[in-house]
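Chemist: have a look at this fold, sequence not included:
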C-alpha cells in the first residue's frame, strides 16, 4: 500500500525501499524516520522505547532533586501527532488543516528531500524552500529570482534539468512532468547551455575539421536541441527567457557542431516566443544567430504584447538583421535593444536610426562592437535630434570619427533625455573631442560620457568629465529635493550611492 | 556615484570575457595606452580632488551660517565626494580592461580585414599569374603537338614539366604560406586565450582590489565621519561645558552677593524687630491693664447677668413646665382631633362615595325620569290631541244626539199637538190654540255666548256708528255686545280720542301705510296697533278700558275712590256679565227692553260721564293707570280660558224636563177620559168590523165554490162520460 502511493519522481528510491518494507512491516517504522532524525533531535529520543540505551539519561531526569518535578517531559499529544505527520508527510501530507502554529512546526521539521510532487503546490513557506535551496546550491542569489526562495528553487531546478537534457537520450517526460508543479512559480528561464544529441555510433575515423563540418551538414536534422515549446506553453507566468545555444566546458572535445543553432531550433524557438504572451525579456546570446535566423525570430516577435527587452548580442547579425530589428522597434513596445558584438554596418545603423527617429519606447540601444562607421553614426545622431525617449546609447568600437562627433555635439546641445553615451574605442580625434566639449557645455542632463581610447585630447576629456560631474551633482540635488534643487543638502548622498 | 552603470559594465565585461577571447597585454606590460590611461586617471583624480576641495570650501562658505554643523557636514561632503570619485575611478579602472579589450578587438578586426583583403588580393594575383602560366603551358602543348623532332619535343616536354613544376611549386608555396599563417593564427589564438585569461584574472584582481579599496575607504571615511562627529561632539561638549561653567560661576557669584545682602538685611530686620518688640511690650502692658479693668467691670456685669439669668431661668422653667403640660394636653387633644379627623375623613369618604353613587343614581333616575317625562309629554300631547279630537267628536255627537232627541221630542210634541188639535177640533169641537214655549224654538244644544275680541268689537262699534247716521240708535244685535253701562256712541268717542292721542304707540311704518286708506279703516288699524301695544285683547279688556275712561271722570272729582271704584266696576262687570248670560238663556225675547233699561240705568247712575269732558291731555295718564291696573287681572286669564271650554249643562235637564211637560196634566186627564171612551167605541167598532169580515169571507167562499162547480161542469170529461153529471143536476144559472 505504501509503495503505491510513492510518487514516480522518487522511483529509484522507492524501488529500494519497497524491498526493505516487504521484509518486515515493523521495520519500516524505524527506517522511515531515519532521515528526519537530525531535524528533530530533541523529540526523537523521547519517542523511542524506554528500553533503549537512553534510559539512563531518562532515569536521571526522573530522579532529579527538583521538588517541582512533573510529568511535563512527557510530550504532548499534539507534539506526537505533529511528529507523526512529519514522519509520514510523504504518504499523507496533512498541512492545511492544521493550526497556524502547528503548520509552522511541521514545516520547520520537514525534510528538504521530499518529492516535489508532494510539496510543490502544498507548501508555500519560504523557510522550507530556503532550506531546500541552501541544501542544493552553495551560492544562492535570491534577489535574482524576485526575492522568493520557492521561485528560485523551481527556476534553478528547471534550469538544471534543461542544461543537462540530451535530446534523444533523456526522457522528455522528466521536464514535462515538472511543468504542472512549477507552472506557478517559474518566472524566468536562464539556460546557458543546450546539449546536442549524442551520436550513438561514435565515428571510428578521426574526422578532420572539414569532415566534421560536412558531417554537421549531413546530420543537421539530428543536431536539433531541446524544443522549448511544450515547456514554455505550460508556464503561465514566464517573463524572462535567457538562452545560449552552446556547450560549456567542452574543453578539448571542441567541435563546431556543439555550437550549432539550427534552423529547426530557430523556427521552434520563434513559435515558442510568439506563443508566450507573458514574455517580457528575451535574450539569445552567443548562439551564432545570423541574419536569416534573426529575421525569423524578429518576425515572430512583431507586435508582441509584452516584450520589453531584446538581447541578441554576440551573434552574427548583419545589416538585414538590423533592418529587421528596426522594423521591430516600430512594431512593438521594446524598451531595451542590445545588438552588441554583431556585424551591423552603416546600412543597418541607418535603418535603426530611421526607426529610432520616431520611436517613443526605446530607452536603451547598444551597438557596441559593430562597424557602423561615420555614415551610421551620423544617421543615429540625426535621429537623436528628433528622439525624446532614448537615455542610454552605446556606440563603443564602431570606427566612428570626427563627423559623427560634430553631429553628436549638436545633439548634446539639443537633447535633454540622454543620460549616458559611450563612444569609447573610436577615432574621434582631437577636433572631434573639442566639438564634443562644446556640445557638453550646453548640456545639463548627460551623466555619463565614455570617451576612453578614442584619441580625444586629455584636456577636453578632463573638461568633459568636469561637466559630467557638475551634471551629476545637479541630478543628485534634483533627486534629493526636487522642489529647490540648487541648495546644498544633507550628507547621506554618498552612503546611498555607495550602497 | 553610479553603481548601476558600473555594475552593467562589469556584467558586460564578464560576458565579453566568456565569449570573445581578446589578445592584449596585461597592466604590467609596456602597453603605452594602458600607461597613458593610468596617467590620465591620476591627473583627473588630482584635478578632481582640487575641484572637490574648492567645492567643499565653497559649500563650507555657504554653510558658515550653521557653524555647529559645518565640520561634520564638511567631513561628510568630503567623504561623499571622495567615495564617489573612488567609485568612479575604480569602475573606470575596471572597465578600462574591457575598453582596452574592445579596442584591441577593433584593431584586430581592422587588421584582420586588412590582412584578409591583402590575402584575397594576393590570391587573386596568384590565380591570375598561375592562370597565365597555365595558359602558357596549355598553349605550349599545342605547340608541342606540332613538333616532329623528338629532341625538340623532349626539350619542349622538359620545359613544360619545368613550367608545371614551377606552377605547382608556386601553388605549394602559397599553400604553405597560408598554412603558416594559419599556424601563426593558431598560435595567436592560444596567445589570445592566455591574454584573455590574464585579462580576466586582472579584471578579477582589480575588481577585488576595487571592492577591497572601496570597503577600506568606506570604512575609513566612515571612521573619519565618525571621528569628525566625535570631534564635533567633543568640541560641542567642551564649549557647552565651558559655557556651563561660566554660567555656574556667574551664578555662584550672584548667589554670594545675594547671601551678603540677605545677611545684612537680616541684621537690620532683627534690630527693627527688637525695637518693635519693646514697643509692643509696653503697649501690651498698657492694654493689659486696661483690659483687666474692663474684665473686672465685665465680671461684675456678668454676675448681675447671672442673677437675672437665674431668675429668668426659673421663670422660664415654670413656663416651660406649664407649656409642657399644655403641650401634653394639646397632644392629647390633637390625637383626639386626629382620630376624629380620621373618623370624619372616613365618614366624608363614605359620604363622598355615597354622594357619587347617589349622583350617579340620580343622574340615572333623572335620565329615566326625563325620558319618562318626555314620553309622558308626548303621551300627554297625544292625549290632548285625542282629547281634543274626542271633545270635538263628543261635541258633534252630543249635538247630533241632541238634535236627534230634540227632533224626536219635537216630533212627538208635534204629534201630540196634532192629536190634541184633532181632538179639540173633531172630538171636542173646540178651537185649538197652539201653545207657545221658548224651548220649542230652540234648535241644537244650548251654548254660551262666545267672547269677541276687542278688535271685532271696535269694528262693530265703528261700523255701527257709521250706520248710525242713517239708522236709529237702536240696533238690537250690536248693542247686545256692548257693555250695558256705556253707550256705543260714548265708546266710539272714547276710542277716537284714544286713537288720536296715542299715535305714538303706532309704528311709523304703519302710519305711512295708513295714509291712503279710508278714515274708518285707518282708525281701525290704528286702534288695532294701539291695543296690541297696550295688551288689550279681549272684549272685556276693551270694556274695561272704556269704563276706565268713564270712571276717570269720576275719579277726577274724587280721586281717592279710584281704586275701590275700579274694583267695584270690574266686579260689577263680571256680575253683569253672568247676569247677562243668564238673561240670555232665560229670556231671550226680553233682551231689548233689558238693555235699554240698563243703559238708562247706567246713564242715570253715573251722571253724565261724557267723553267730551275728558281732556285729551289726560288720555295718557288714564292709559298709564289702566295699563298698571291691567297687569293684575292678566294673571288669571289662563284658568279662565280653560274653564271656558267646559260646557255648562245646568239648563239641559231643565230644558228636557220642559219638553216633557209640554202637555199640561189637565189635558192629559182629558185625554185619559177621552181615551177610555174611545176605547169603548173602538171595541164596538171592531166587533162590527169582525162581523163584516166574516160575512165577506163567506161570500167569497161561496163564489169560489161556484167557480169550482162551473169548472167541473165545463171540463171535456163530461162529454165523454155516459152520463154527464150535468145531466144529473141542474146547473144553476149564472
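Modeler: Sure thing, it's come through. What you see is a predicted model; the values in this text were computed from it and never measured.

Chemist: measure the residue nearest the centre of chain A to residue B:715 for me?
Modeler: Geometric centre of chain A, nearest residue: residue A:190, 4.3 Å, by C-alpha atoms, centre = their mean. For residue A:190, the distance to residue B:715 equals 183 Å [C-beta to C-beta, to the nearest Å]. From N, CA and C alone the C-beta is placed, and that goes for glycine too.

Chemist: then residue B:384?
Modeler: Distance from residue B:384 to residue B:715, by C-beta to C-beta: 88 Å.

Chemist: ok, now residue B:671?
Modeler: Per C-beta to C-beta, residue B:671 is found 62 Å from residue B:715.

Chemist: among the two, which residue is more densely surrounded?
Modeler: Between residue B:671 and residue B:715, counting by other C-beta atoms under 10 Å in any protein chain shown, residue B:671 is the more crowded of the two (16 against 11).

Chemist: excluding its backbone neighbours, what's nearest the more buried one?
Modeler: residue B:423 (7.2 Å; C-beta to C-beta, 6 or more residues apart in numbering or on different chains).

Chemist: residue A:434: which element?
Modeler: Per DSSP states H and E, residue A:434 falls inside helix A:429-441.

Chemist: who does that helix touch, helix- and strand-wise?
Modeler: When contacts are defined as 3 or more C-beta pairs under 8 Å, 6 or more residues apart in numbering or on different chains; DSSP states H and E, helix A:429-441 sits against helix A:402-414, helix A:458-480.

Chemist: same thing but 10 Å
Modeler: helix A:402-414, strand A:448-450, helix A:458-480 (3 or more C-beta pairs under 10 Å, 6 or more residues apart in numbering or on different chains; DSSP states H and E).

Chemist: run through who's touching that helix.
Modeler: Outside helix A:429-441, the residues that touch it by C-beta atoms under 10 Å, 6 or more residues apart in numbering or on different chains are A:400-415, A:421, A:423, A:426, A:428, A:446, A:449, A:451, A:454-468, A:470-471.

Chemist: out of the residues you listed, which touch chain B?
Modeler: A:426, A:454, A:458, A:461, A:462, A:463, A:465, A:466, A:468, A:470 (C-beta under 10 Å from any C-beta of the partner chain).

Chemist: helix/strand/coil for the closest residue to the first one other than its chain neighbours?
Modeler: Nearest-residue entry for residue A:426: residue A:400, 4.1 Å, with adjacent residues in sequence omitted and distances by C-beta to C-beta, 6+ apart. Here residue A:400 takes the coil state, with states given by DSSP: H, G, I helix; E, B strand; the rest coil.

Chemist: tell me the contacts of residue A:400?
Modeler: Residue A:400 sits in contact with A:371-378, A:380-381, A:408, A:423, A:425-429, A:432, A:454, where contact means C-beta under 10 Å, 6+ apart.

Chemist: count residues in the vicinity of the closest residue to chain B within the stretch 51-200 of chain A, would you?
Modeler: Closest residue of the stretch 51-200 of chain A to chain B, C-beta to the nearest C-beta: residue A:192 (9.0 Å). Look at residue A:192: counted by other C-beta under 10 Å, it has 17 neighbours.

Chemist: in terms of pLDDT, where does it sit?
Modeler: If you check residue A:192, the pLDDT there is 88.

Chemist: who touches it in this structure?
Modeler: A:159, A:162-163, A:242-248, A:285-286, B:18 are the contacts of residue A:192 under C-beta under 10 Å, 6+ apart.

Chemist: let's see 6 Å
Modeler: residue A:244 (C-beta atoms under 6 Å, 6 or more residues apart in numbering or on different chains).

Chemist: before we move on, back to that, point out the least confident one among the ones next to chain B among the contacts of helix A:429-441.
Modeler: Among these, residue A:454 has the weakest pLDDT, 85.

Chemist: correct me, but that one touches residue A:421?
Modeler: No: in this structure residue A:454 lies outside contact range of residue A:421 using C-beta atoms under 6 Å: 11.5 Å.

Chemist: tell me, how many residues neighbour residue B:225?
Modeler: So residue B:225, with other C-beta under 10 Å, has 19 neighbours.

Chemist: where along chain A do the strands fall?
Modeler: For chain A, applying DSSP state E gives strands covering A:188-191, A:240-243, A:281-284, A:309-311, A:336-338, A:364-366, A:392-394, A:420-422, A:448-450.

Chemist: would you mind finding the most buried of those?
Modeler: Among the strands of chain A, judged by mean count of other C-beta atoms under 10 Å in any protein chain shown, the one packed with the most neighbours on average is strand A:420-422 (a mean of 24).

Chemist: check which helices and strands that one sits against.
Modeler: Here strand A:420-422 touches strand A:392-394, strand A:448-450, going by 3 or more C-beta pairs under 6 Å, 6 or more residues apart in numbering or on different chains; DSSP states H and E.

Chemist: give the rounded mean pLDDT of the last one.
Modeler: Just to be clear, that refers to strand A:448-450. 90.

Chemist: ranges for the helices of the stretch 251-400 of chain A?
Modeler: Ranges of helices in the stretch 251-400 of chain A, per DSSP state H, counting those that start in this stretch, are A:263-275, A:291-301, A:319-330, A:346-357, A:373-386.

Chemist: how close does the spatially closest residue to residue B:82 that is not a sequence neighbour sit to residue B:81?
Modeler: Nearest residue to residue B:82, sequence neighbours excluded (C-beta to C-beta, 6+ apart): residue B:221, at 6.5 Å. Here the criterion is C-beta to C-beta. By it, residue B:221 lies 10 Å from residue B:81.

Chemist: next: residue B:550.
Modeler: On the measure of C-beta to C-beta, residue B:550 and residue B:81 end up 160 Å apart.

Chemist: then residue B:241?
Modeler: For residue B:241 relative to residue B:81 (C-beta to C-beta), the value is 33 Å.

Chemist: element containing the residue of the stretch 451-600 of chain B found nearest chain A?
Modeler: Of all residues in the stretch 451-600 of chain B, the one sitting closest to chain A is residue B:509 (109.0 Å; C-beta to the nearest C-beta). Using DSSP H and E, residue B:509 maps to helix B:508-514.

Chemist: circling back: ranking by neighbours, what's the top pick from the ones next to chain B among the contacts of helix A:429-441?
Modeler: residue A:426 leads those on contacts (other C-beta under 10 Å) with 30 neighbours.

Chemist: that one against residue A:454, yeah?
Modeler: Yes: using C-beta under 6 Å, residue A:426 and residue A:454 qualify as a contacting pair, with a distance of 4.6 Å.

Chemist: sorry, back to before: how far off centre is the helix holding residue A:434?
Modeler: How far helix A:429-441 lies from its chain's middle: 40 Å, per C-alpha atoms, centre = their mean, to the nearest Å.

Chemist: quick one: mean pLDDT for it?
Modeler: On average, helix A:429-441 scores 89.

Chemist: would you say residue B:434 is within a helix?
Modeler: No: using three-state DSSP, the assignment for residue B:434 is coil, not a helix.

Chemist: skip the chain neighbours and tell me the closest residue to it.
Modeler: Closest residue to residue B:434 apart from its sequence neighbours, by C-beta to C-beta, 6+ apart: residue B:417 at 6.3 Å.

Chemist: the one you found: neighbour count?
Modeler: Neighbours around residue B:417, by other C-beta under 10 Å: 18.

Chemist: if anything else comes up later, I'll come back, but that's it for now.
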